[in-house]
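> okay, here's the prediction I keep looking at, along with the sequence it came from:
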Protein chains: 2
Amino acid sequence: MATTTGNASNDEAAKPKVTLFWLDQSRAQGMVWLLEELGLDYDLEVYRRVDGLAPPEAKEIHPLGKFPVVKVNDDLFAESGFITEYLVDNYGEWLKPKDRASLMRYKYFLHYAEGSFMPPLLVGIVMQGVKNAPVPFFLKPFVNMICSGVETKYLLPNYKTHFDFLESEISQRPWIAGEEFTGADILLSSPLILMKGRSIFTQGNYPKLWAYTEKLTERGAYKKAAKKTEAMEGDKLF
Amino acid sequence: MATTTGNASNDEAAKPKVTLFWLDQSRAQGMVWLLEELGLDYDLEVYRRVDGLAPPEAKEIHPLGKFPVVKVNDDLFAESGFITEYLVDNYGEWLKPKDRASLMRYKYFLHYAEGSFMPPLLVGIVMQGVKNAPVPFFLKPFVNMICSGVETKYLLPNYKTHFDFLESEISQRPWIAGEEFTGADILLSSPLILMKGRSIFTQGNYPKLWAYTEKLTERGAYKKAAKKTEAMEGDKLF
């Protein structure tokens, strides 16, 4: 793949100027973690939700107005899977498997996390919004009935399929792609942490996946990122 | 990236044994098109929806029970973006840009199509299901009210953001990644064709994107794939 700097990580030329555009309560947290794992210096530009949504000025950064967005030198990157792929390819070869089978799984999971796993979770978030929307009290049972319908027919079967799949995958190896921790583990962490402790994803239902999620959050770079995130969730810049 | 066969397309060793697991009314259509563009021989295993969903036996092919799935020699591939990336890397270098800027866009759009563009369309499909679910007639106005709420607050702003973005992108170059047609154009075709003609995506609203979508469906390989698909939508195998 084309790179601007190559992989000579000791070389001054390989030290990119990185800016992470960050939003509270978003998948940007995973990017802080990735940058910590890579040991890259980076600036943070902090954005905050307004009424639960990314602020309109986010579209000045990237036309979709979504986070995370990462600027590396003169290139602007969106899509978590692509950002991870690019940063690892260029600045963190040790976060990419060497053997073919693990590499294939790594590449698969870079697409799976956002392409397959997140969409039903997104439907769940939208339905949660419907459930919480203000309606006259006598209509509330009916709103709940509609939401339960989507839950029973669509959400729960989909969640089950994904969690069964991930439990089976993580039972076969220590990390999601293979013997070593990779960028795919970071990418998968956001939806797993989001769902951890909800009724579908308990320690009893998916013990191996639960242990894996705990193992993810025990890494030094994760803890460092979590501390930074915690501090940022506190102050208000935009 | 690791490959089993290299790129020597004239070499007998480079002729993979390919099977496409196909579902009616799904993104598997794009994969038929990709295989036709690549000029690869492939077998088709046809599955059919039951009550609008993929049949349960699909999980015997891949644990997520989703389509498309492609088998190349002994490897099973899921995730449209990853399947496209793999097939193009190994059997269709001409469907991948050469210059860095186009290559970066190509890789971005391989993630964007499923990671960002499809999810709101999926929410739309789920809400369509809610709208069509059988309820007593006197509750129908209320179901419509809930669906309109999701439409106004979530769907329409999201659709607009994506279509504005794509209109702007395709105004800057002949194909989505650059000067040449690539695998990213194929991947983007499914959601575009799905939405073409609906009230959000008309020729009047997005003239450049409309013309681009028409141009996609005028390619020889697309037409060949469409003809195959048409024939398959007709007969019943599973």
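On my side now, so go ahead.

> who's in contact with A:Cys147?
Under the criterion of CB atoms under 8 Å, 6 or more residues apart in numbering or on different chains, the contact list for A:Cys147 reads A:Met127, A:Val130, A:Lys131. C-beta coordinates here come from the backbone N, C-alpha and C atoms, glycine included.

> in which helix or strand would I find the residue nearest in space to the middle of chain A?
For chain A, the residue whose C-alpha lies nearest the mean C-alpha position (CA atoms, centre = their mean) is A:Ser190; its distance is 3.6 Å. Assessed by DSSP states H and E, A:Ser190 sits inside helix A:183-195.

> at contact distance from chain B, anything in that helix?
No. If you take CB under 8 Å from any CB of the partner chain as the test, helix A:183-195 misses chain B, and the best it gets is 10.5 Å.

> immediately after that helix, which helix or strand?
Following helix A:183-195 in sequence order, the next helix or strand is helix A:207-216 (DSSP H and E).

> relative to helix A:183-195, how tilted is that following helix?
110 degrees (axes from the mean of the first three to the mean of the last three CA atoms, to 10 degrees).

> so A:Arg49 sits against A:Pro55, correct?
Yes. Using CB atoms under 8 Å, A:Arg49 makes contact with A:Pro55 at a distance of 7.2 Å.

> for chain A, what spans make up the helices?
Counting by DSSP state H, residue ranges of the helices within chain A are A:28-38, A:80-91, A:100-112, A:118-132, A:140-150, A:156-170, A:183-195, A:207-216, A:220-234.

> out of the ones you listed, nearest to B:Ile83?
Across those, the minimum distance to B:Ile83, taken as CB to CB, is reached by helix A:100-112, at 8.9 Å.

> helices or strands up against that closest one?
Here helix A:100-112 is seen to pack against helix A:80-91, helix A:183-195, helix B:80-91, helix B:100-112 when contacts are counted using 3 or more CB pairs under 8 Å, 6 or more residues apart in numbering or on different chains; DSSP states H and E.

> present these as CSV; the columns should include mean pLDDT and distance to B:Arg27.
Written out in CSV, the entries for the helices and strands packed on helix A:100-112 read as follows (pLDDT from 0 to 100; distance: least, CB to CB, whole Å):
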stretch, mean pLDDT, distance to B:Arg27
helix A:80-91, 98, 17
helix A:183-195, 96, 21
helix B:80-91, 98, 6
helix B:100-112, 98, 13
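
> distance to B:Pro141 for those - can I get that in JSON lines?
Shown next, in JSON lines, are these (distance: least, CB to CB, whole Å):
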{"stretch": "helix A:80-91", "distance to B:Pro141": "40"}
{"stretch": "helix A:183-195", "distance to B:Pro141": "34"}
{"stretch": "helix B:80-91", "distance to B:Pro141": "38"}
{"stretch": "helix B:100-112", "distance to B:Pro141": "37"}
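
> so for A:Tyr212, which of those helices sits nearest?
Judged by CB to CB, the one of the helices and strands packed on helix A:100-112 that comes nearest to A:Tyr212 is helix A:183-195, at 7.9 Å.

> hmm, what's the outermost residue in chain A?
In chain A, the residue that sits farthest from the middle, by CA atoms, centre = their mean, is A:Phe138; the gap is 38.4 Å.

> check contacts around it.
Per CB under 8 Å, 6+ apart, neighbours of A:Phe138: none.

> and the gap between it and B:Tyr206?
Remark: distance between A:Phe138 and B:Tyr206 (CB to CB, to the nearest Å) = 42 Å.

> so where's chain A shaky on pLDDT?
Applying pLDDT under 70 to chain A picks out residues A:1-14, A:234-238.

> which residue ranges make up each domain of it?
By the assignment in the TED database, chain A contains the domains A:18-94, A:96-219.

> how far off centre is the shortest one?
For domain A:18-94, the separation from the chain centroid amounts to 11 Å (computed by CA atoms, centre = their mean, to the nearest Å).

> that domain spans what distance, first to last residue?
End-to-end distance for domain A:18-94: 19 Å, by CA to CA, to the nearest Å.

> ok, now the longest one?
With CA to CA as the measure, domain A:96-219 spans 17 Å from end to end.

> same question, stretch A:103-121
Using CA to CA, the gap from the first to the last residue of stretch A:103-121 comes to 26 Å.

> in that stretch, what counts as buried?
When neighbours are counted by 16 or more other CB atoms under 10 Å in any protein chain shown, the buried residues of stretch A:103-121 are found to be A:103-121.

> on that earlier part again, among the helices and strands packed on helix A:100-112, which is nearest A:Arg173?
Evaluated over those, closeness to A:Arg173 peaks at helix A:183-195, with 11.1 Å, by CB to CB.

> taking helix A:28-38 as reference, get the angle to the closest one.
For helix A:183-195 and helix A:28-38, the angle between their directions (the same axes, to 10 degrees) works out to 150 degrees.

> just checking, what packs against helix A:183-195?
Using 3+ CB pairs under 8 Å, 6+ apart as the contact criterion, the neighbours of helix A:183-195 among helices and strands are helix A:28-38, helix A:80-91, helix A:100-112, helix A:118-132, helix A:156-170, helix A:207-216.

> tilt between that helix and helix A:220-234?
Relative orientation of helix A:183-195 and helix A:220-234, computed by the same axes, to 10 degrees: 50 degrees.

> can you list the neighbours in contact with helix A:183-195?
Where contact means CB under 8 Å, 6+ apart, the residues beyond helix A:183-195 that reach it are A:27, A:29-30, A:33-34, A:37, A:80-81, A:84-85, A:87-88, A:92, A:95-96, A:105-106, A:109-110, A:113-114, A:117-118, A:121, A:159, A:166, A:175-177, A:201, A:209, A:212-213, A:216-217, A:222.

> next one: A:Leu20 from A:Thr229, what distance?
Distance from A:Leu20 to A:Thr229, by CB to CB: 11 Å.

> just the buried subset of the contacts of helix A:183-195, please.
With neighbours counted using 16+ other CB under 10 Å, the contacts of helix A:183-195 contain these buried positions: A:27, A:29-30, A:33-34, A:37, A:80-81, A:84-85, A:87-88, A:92, A:95-96, A:105-106, A:109-110, A:113-114, A:117-118, A:121, A:159, A:166, A:175-177, A:201, A:209, A:212-213, A:216, A:222.
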